[in-house]
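[1] please find the sequence and the predicted model below.
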Amino acid sequence: DTGVSQDPRHKITKRGQNVTFRCDPISEHNRLYWYRQTLGQGPEFLTYFQNEAQLEKSRLLSDRFSAERPKGSFSTLEIQRTEQGDSAMYLCASSLDPGYTGNTIYFGEGSWLTVV
Amino acid sequence: AQTVTQSQPEMSVQEAETVTLSCTYDTSESDYYLFWYKQPPSRQMILVIRQEAYKQQNATENRFSVNFQKAAKSFSLKISDSQLGDAAMYFCAYRRSGTYKYIFGTGTRLKVLA
């Protein structure tokens, strides 16, 4: 078990371009989350998958953002027509059923996005 | 809405000394979990310690312990015998029982002085 992996770790893009981040969760985890973290702030919830179903999207996730988790395995987060305000670290996390006592989520190292 | 507040943007501690990081939260729920996460520079966030709200006993994990005051909605982290490797951002987080969404504070940067 290599933990949650994210790719790429760093991305610099020009305003208006599209970017895509990939997350590979821990293999037996059926829950997958995306969070966004800006400098000086804690992570903020973006969206959540249970297997392949996207069950909730935050209001932070504008129409330019789309996330998928085909076949309930890896997930992608795509940002279209990037804006400078999208510059942040995008964190992926995974977990088992959160209803169980003692359950916790495991984070990846994050994907840094800089929009210039 | 639930909120988590960390009022100390930065703290310093001498190696081998003890430091306490503060966290307060606001919720109307009675069943929830509280967490402290550590985020080293350019590395992934890892769980330090977890507290279930229904448990009166404060959680302890080796050199890390919490002071959970449910009525006051306070959840502080004590690090004993601080080590250089403890230097990191520390985030306090809340999750309502049966849900999946974590609410994080803004973090406290801990510096450990040799």
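    Yes, it's here.

[2] for the rest of this, base every contact and every neighbour count on C-alpha atoms.
    Will do.

[3] check the gap between the residue in chain B positioned nearest to chain A and residue A:105 for me.
    Closest residue of chain B to chain A, Cα to the nearest Cα: residue B:44 (4.0 Å). As for residue B:44, its distance to residue A:105 is 12 Å (criterion: Cα to Cα, to the nearest Å).

[4] which one of those two has more residues nearby?
    Neighbours per residue (other Cα atoms under 10 Å in any protein chain shown) separate residue B:44 from residue A:105, with residue A:105 holding more: 21 against 18.

[5] residues in contact with residue B:18?
    B:78-82 (Cα atoms under 8 Å, 6 or more residues apart in numbering or on different chains).

[6] and whichever strand or helix holds residue B:111, how far from the chain's centre?
    Secondary structure assigned from DSSP states H and E places residue B:111 in strand B:108-113. The chain centre lies 14 Å from the centre of strand B:108-113; the measure is Cα atoms, centre = their mean, to the nearest Å.

[7] what does stretch B:8-24 give?
    Distance, centroid of stretch B:8-24 to centroid of chain: 11 Å (Cα atoms, centre = their mean).

[8] for it, measure first residue to last.
    Span of stretch B:8-24 from end to end, Cα to Cα: 11 Å.

[9] for it, give the mean pLDDT please.
    Mean pLDDT, stretch B:8-24: 97.

[10] the residue lying closest to residue B:29 once chain neighbours are set aside pairs with what?
    Closest residue to residue B:29 apart from its sequence neighbours, by Cα to Cα, 6 or more residues apart in numbering or on different chains: residue B:96 at 7.3 Å. Counting by DSSP bridges, residue B:96 is bridged to residue B:32.

[11] what is the three-state secondary structure of the spatially most central residue of chain B?
    Central residue of chain B (Cα atoms, centre = their mean): residue B:36, 3.2 Å from the mean position. Three-state call for residue B:36 (DSSP: H, G, I helix; E, B strand; the rest coil): strand.

[12] now do the same for it: its pLDDT.
    97.

[13] who's in contact with it?
    Contacts of residue B:36 (Cα under 8 Å, 6+ apart): B:47-50, B:77, B:90-93.

[14] could I get those as CSV with secondary structure, distance to residue B:5 and neighbour count?
    Formatted as CSV, these follow (DSSP: H, G, I helix; E, B strand; the rest coil; distance: Cα to Cα, whole Å; neighbours: other Cα atoms under 10 Å in any protein chain shown):
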residue, secondary structure, distance to residue B:5, neighbour count
B:47, strand, 18, 17
B:48, strand, 18, 18
B:49, strand, 17, 19
B:50, strand, 17, 23
B:77, strand, 13, 23
B:90, strand, 12, 28
B:91, strand, 10, 29
B:92, strand, 8, 31
B:93, strand, 9, 28
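
[15] if we look at chain A, which of those residues are close to it?
    B:47, B:91 (Cα under 8 Å from any Cα of the partner chain).
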